[in-house]
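Asks: take this sequence and fold it.
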Amino acid sequence: MANSINPKMKILYLMKILLEKTDENNQLTMSELISSLSAYGISAERKSIYTDLELLRQFGLDIIMVKSKSTGYAVASREFELPELKLLVDAVQSSQLITLKKSDELIKKLTSLASVHQAKQLKRQLLLADKPKSINESVYYNVDAIHNAINDGLKIEFKYFDYDLDKKRIHRRDGEFYVQTPVALCWNDDRYYLICYSNKREKLIHFRVDRMGEVAVSSDKADRYDKKKFNVNEHIKQVFGMYGGEVVRATLRFDNRLINTVIDRFGTEVTIRKRGEAFDINVYVSESPVFLSWIAQFGKEVEIIGPVSLRNRMIEFVNELCEIYKL
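Replies: Below you'll find the model as predicted:
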């Protein structure tokens, strides 16, 4: 077996062994390094390993030497530190965008960036409060295709669907392809949305990426539009919850105890006007059931001051609920 390995690959296998089996708390002695290389069919002498270790240090690998009862060698730091990997693993595991299968694949790849000892700490169960995972396996690749289309200035084509009661896809437009000019991807409420410019409707529109199928980059050039007139950042701020509905500038009054909620939802740049036990803000919102439901959850602690049209929509919304639940 020893003759099957090119001796010049010794330093590569040495780096592999160090990255996989060592970290700042776990070292390998010189004898263990020689034994590990032997398992790959590589024979090595101590002197040559000392030389290789120095070359790897010069290459940029953070190799330390730890002296105790015996001298050990280890990779002390990596591109991703353990706390960073834990954060990334938690993010992947909790993301509703990624399917369970794809989550497992990504986490496995992330754990490969740590030593075998550190990897044990990454195999942990994150409590997710029964958050559902995506069932659309292609989302991961849809995002990549969309980014490519945006970078190359091309249109994107796809089919758009809903689910029926049997969890089967029902394509809109009888399965006809949508052809749109992609502008940006937006992450909102644990969902990816594709924001497009519609030349036909002369406005920005959006689609849920997990409801897009057969996504491909079109050969058609993207439509040009006035980026000042069609400001993507303003569009994201205005379309509350990324659901349809007329956008209006609203005055909302909150109980002072809800200041954290307001900051979480509207950001630190929102202007606060203090009114004793309450405060007002002016923000763009969508006259949608999503927004009205969000307001309703706070009961008397939130009031829509204006415009009148939005107050009336709230009255209609509450009356509809009363009709359902009346005795």
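
Asks: pretty sure Glu79 contacts Leu113?
Replies: Yes: if you go by CB atoms under 8 Å, Glu79 and Leu113 touch, sitting 7.0 Å apart. The C-beta positions use only the backbone N, C-alpha and C, and glycine is treated the same way.

Asks: these two: who's more crowded?
Replies: Remark: of Glu79 and Leu113, Leu113 carries more neighbours, 18 against 7, as counted by other CB atoms under 10 Å.

Asks: from Ser36, how far out is that one?
Replies: Going from Leu113 to Ser36 by CB to CB, to the nearest Å gives 19 Å.

Asks: what of Glu269?
Replies: 55 Å.

Asks: what do you get for Ser77?
Replies: 21 Å.

Asks: what do you get for Ser138?
Replies: Ser138 is 41 Å from Ser36, by CB to CB.

Asks: which parts of the stretch 51-200 of the chain are helices?
Replies: 82-94, 100-111, 116-122, 139-152 (DSSP state H, counting those that start in this stretch).

Asks: closest one to Glu20 among the ones you listed?
Replies: Minimum separation from Glu20 across those (CB to CB) falls at helix 116-122, 5.9 Å.

Asks: pull the closest one out as CSV, backbone CA atoms only.
Replies: The C-alpha coordinates for helix 116-122 follow below in CSV (Å, rounded to 0.1, in the frame of the first residue of the first chain):
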residue,chain,number,x,y,z
VAL,A,116,-13.6,15.4,15.0
HIS,A,117,-13.6,16.5,18.7
GLN,A,118,-15.3,19.8,18.0
ALA,A,119,-17.8,18.1,15.6
LYS,A,120,-19.4,16.3,18.5
GLN,A,121,-20.4,19.7,19.9
LEU,A,122,-22.0,20.6,16.6
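
Asks: show me what it packs onto, helices and strands only.
Replies: helix 10-21, helix 82-94, helix 100-111 (3 or more CB pairs under 8 Å, 6 or more residues apart in numbering; DSSP states H and E).

Asks: determine the longest helix present in this protein.
Replies: helix 308-325 (DSSP state H).

Asks: poorly predicted segments of this structure, please.
Replies: Scanning the chain for pLDDT under 70 picks out 1-4, 96, 124-137, 189-190, 235, 237-245, 327.

Asks: hmm, 80 instead?
Replies: 1-7, 93-100, 123-140, 165-167, 187-191, 228-247, 264, 267-268, 286, 326-327 (pLDDT under 80).

Asks: my guess is Asp196 contacts Val179. True?
Replies: Quick fix: residue 196 reads Cys, not Asp. No: in this structure Cys196 lies outside contact range of Val179 using CB under 8 Å: 9.8 Å.

Asks: wait, is Gly41 part of a helix?
Replies: No: assessed with DSSP: H, G, I helix; E, B strand; the rest coil, Gly41 is coil; it does not lie in a helix.

Asks: surely it touches Ile5?
Replies: Yes: using CB under 8 Å, Gly41 is in contact with Ile5, at 4.6 Å.

Asks: ok, Leu55 - contacts?
Replies: Contact analysis of Leu55 by CB atoms under 8 Å, 6 or more residues apart in numbering lists Ile11.

Asks: any idea how far it lies from Ala216?
Replies: For Leu55 relative to Ala216 (CB to CB), the value is 46 Å.

Asks: one more: Arg253?
Replies: 48 Å.

Asks: of these two, which one has the most company?
Replies: The residue with more neighbours, out of Arg253 and Ala216, is Arg253; 16 against 12, by other CB under 10 Å.

Asks: how close does the residue lying closest to the more buried one once chain neighbours are set aside sit to Phe266?
Replies: With sequence-adjacent residues excluded and distances taken as CB to CB, 6 or more residues apart in numbering, Arg253 is closest to Glu303, at 4.5 Å. According to CB to CB, Glu303 stands 16 Å off from Phe266.

Asks: tell me where the stretch 101-250 of the chain has strands.
Replies: In the stretch 101-250 of the chain, the segments counted as strands under DSSP state E, counting those that start in this stretch are 154-163, 169-171, 178-188, 191-198, 203-208, 212-221, 247-255.
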